[in-house]
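Asks: this is a predicted model, with the sequence first.
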Amino acid sequence: EDKVVQSPLSLVVHEGDTVTLNCSYEVTNFRSLLWYKQEKKAPTFLFMLTSSGIEKKSGRLSSILDKKELFSILNITATQTGDSAVYLCAVGCNNNDMRFGAGTRLTVKP
Amino acid sequence: KAGVTQTPRYLIKTRGQQVTLSCSPISGHRSVSWYQQTPGQGLQFLFEYFSETQRNKGNFPGRFSGRQFSNSRSEMNVSTLELGDSALYLCASSISRDWAWEQYFGPGTRLTVT
């Protein structure tokens, strides 16, 4: 059975800290791994990683994909209170069959 | 470019009624997926459409159905509503990139069943 597991489930840090969120997966027909940020509304797209793009960076956020070990990490440096959200990892398989993890709830305290 | 739009944004229905939710994908996106999100169950996949064909389906009862039109717009229908159907219903549209699908969510429709 396909699995997408995120860890930790929740995390509390202080502003300025660096955090690393993990996503491991076991799926058939892997095509991509996507990261989303969800505050009190719909998930917002952050990155998509594929075989041809295993590292992505945007400002203080960066992500890598390890296709051999079947995991991805999302790194946030110099965290701010606005980074507080649930971060979702999703694995895309053939025909846009998407599997989501349960999410990591990040709380950044001032 | 406009994002994914969903209508209505909020809806209150009574048990036993039916409801239709609408989704307009980002221009050029041909795949549309639907999800149900509740505090207890998280994000649950309902179904996905591409070129008016349902390609993938989650584990929901037959009361949940959907369709996609030739302009890629999609609707989902829930018949005989139950209290447990109260949730945020999210539509996502996808575009093919690097042999994969890049998916973007709409703002959601919050359905309350009383």
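Replies: Nice, I can see it. Numbering: from 1, shown residues only, chains lettered A, B, ... in the order given.
Asks: ranges for the strands of the chain?
Replies: By default, I'm working from chain A. A:3-7, A:10-14, A:19-26, A:32-38, A:44-49, A:55-58, A:61-66, A:71-76, A:85-92, A:98-100, A:104-109 (DSSP state E).
Asks: my bad, chain B
Replies: Counting by DSSP E, chain B has strands at residues B:5-7, B:10-13, B:19-24, B:31-38, B:42-50, B:53-57, B:64-68, B:74-78, B:87-97, B:100-105, B:109-113.
Asks: follow-up on the earlier one: output the strands of chain A as a markdown table; include the columns distance to B:Val113, mean neighbour count and mean pLDDT.
Replies: For glycine as for every other residue, the C-beta is placed from the backbone atoms N, C-alpha and C. Below are those laid out as a markdown table (distance: least, Cβ to Cβ, whole Å; neighbours: other Cβ atoms under 10 Å in any protein chain shown; pLDDT from 0 to 100):
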| stretch | distance to B:Val113 | mean neighbour count | mean pLDDT |
| --- | --- | --- | --- |
| strand A:3-7 | 29 | 16 | 96 |
| strand A:10-14 | 29 | 13 | 98 |
| strand A:19-26 | 33 | 18 | 97 |
| strand A:32-38 | 23 | 23 | 97 |
| strand A:44-49 | 27 | 18 | 96 |
| strand A:55-58 | 39 | 12 | 94 |
| strand A:61-66 | 37 | 18 | 97 |
| strand A:71-76 | 35 | 20 | 97 |
| strand A:85-92 | 24 | 23 | 96 |
| strand A:98-100 | 24 | 20 | 91 |
| strand A:104-109 | 27 | 17 | 98 |
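Asks: nearest to B:Gln54, out of those?
Replies: B:Gln54 sits nearest to strand A:98-100 of all the strands of chain A, at 14.5 Å, using Cβ to Cβ.
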